[in-house]
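*Asks:* how would this look folded up:
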Amino acid sequence: MAHAAHINHPETILRALDRHLTRPARLILYGRAAIVLGFSDSPAECATTMDVDAILPRGELSAIEENEDFWDALQKTNSELEPSGLYITHLFVDDQLILTSDWIDRLQPIDLKGLQHLQLLRPDTGDLILTKMMRVDPQDRQDIHFLISQMAVPDLEPYLTRANVPEIAEIQQAFEQNQHWLTSSSRAKHP
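*Replies:* Purely as a prediction, here's the structure:
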């Protein structure tokens, strides 16, 4: 059972992508891949996620769409890893996620040693929490608790008030329910 501690599926996926790239590429991670690779003391279960999710900034979309090297490497990575069930999925344009409008100005580097072509980044912790508020899910709420514990000043209010929520009813409802849950759990901890 000791070998389980060394499992890091997002790292495996991203190293495969890096191998298939022939030119530099930047990838902005979110989800559990961003947690396991972006925080040194992340929960062990984050390393077992079977996929990597990434954000495509709307302002860079045409350049990304024209980057044949990236799309070719992505396809080769998914083909290579298919037998293991690992894959890169969910490449969302930033306006499809809950984020603040200036999220891109606060990107945090992810240092994964030995990559040749891939530059990895993640949203800052507050914006990463916002992306976790798109669903009402026990796993996402666990991740939110962990991320709050990583904030120097655990104050989400500036993020919540500036959040851009996609105009999709389920996402708006989930955001509202998660805001209420955060307020309730905060009151429970600090009566």
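*Asks:* for the protein, which residues score under the pLDDT cut-off?
*Replies:* Along the chain, segments meeting pLDDT under 70 span 1-5, 186-191.
*Asks:* where do the strands of it begin and end?
*Replies:* Ranges of strands in the chain, per DSSP state E, are 25-30, 51-56, 87-93, 99-100, 108-110, 118-122, 163-164.
*Asks:* indicate which one of those is closest to Met151.
*Replies:* The closest of these to Met151 is strand 108-110. By Cβ to Cβ, the value is 12.3 Å. Yep, even glycine has a C-beta here, placed from its N, CA and C like the rest.
*Asks:* buried set for that closest one?
*Replies:* 108, 110 (16 or more other Cβ atoms under 10 Å).
*Asks:* this protein: helices as residue ranges?
*Replies:* 9-20, 31-38, 61-66, 68-81, 125-131, 138-149, 157-162, 169-189 (DSSP state H).
*Asks:* wait, which of the ones you listed is closest to Ile98?
*Replies:* helix 125-131 (4.4 Å).
*Asks:* distance to Gln150 added to the strands of the chain, as JSON lines?
*Replies:* Output for the strands of the chain, formatted as JSON lines (distance: least, Cβ to Cβ, whole Å):
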{"stretch": "strand 25-30", "distance to Gln150": "15"}
{"stretch": "strand 51-56", "distance to Gln150": "19"}
{"stretch": "strand 87-93", "distance to Gln150": "22"}
{"stretch": "strand 99-100", "distance to Gln150": "17"}
{"stretch": "strand 108-110", "distance to Gln150": "11"}
{"stretch": "strand 118-122", "distance to Gln150": "12"}
{"stretch": "strand 163-164", "distance to Gln150": "19"}
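*Asks:* now for the residue nearest to Leu107 when sequence neighbours are not counted, how many residues are close by?
*Replies:* In space, not counting the residues next to it along the chain, Leu107 is nearest to Leu121; the distance is 4.5 Å by Cβ to Cβ, 6 or more residues apart in numbering. Burial measure for Leu121: 17 neighbouring residues, criterion other Cβ atoms under 10 Å.
*Asks:* same check on Val93?
*Replies:* Val93: 13 surrounding residues under other Cβ under 10 Å.
*Asks:* who does it form a beta bridge with?
*Replies:* Under DSSP bridges, the beta-bridge partners of Val93 are Leu56.
*Asks:* ditto for Gln119
*Replies:* Arg26.
*Asks:* my read is that it contacts Arg23, right?
*Replies:* No. Checked against Cβ atoms under 8 Å, the pair Gln119 and Arg23 is beyond contact range at 11.5 Å.
*Asks:* who's more crowded, the two?
*Replies:* Legend: neighbour count by other Cβ under 10 Å for Gln119 and Arg23, higher for Gln119 (14 against 10).
*Asks:* that one: what's it in contact with?
*Replies:* 24-27, 109 (Cβ atoms under 8 Å, 6 or more residues apart in numbering).
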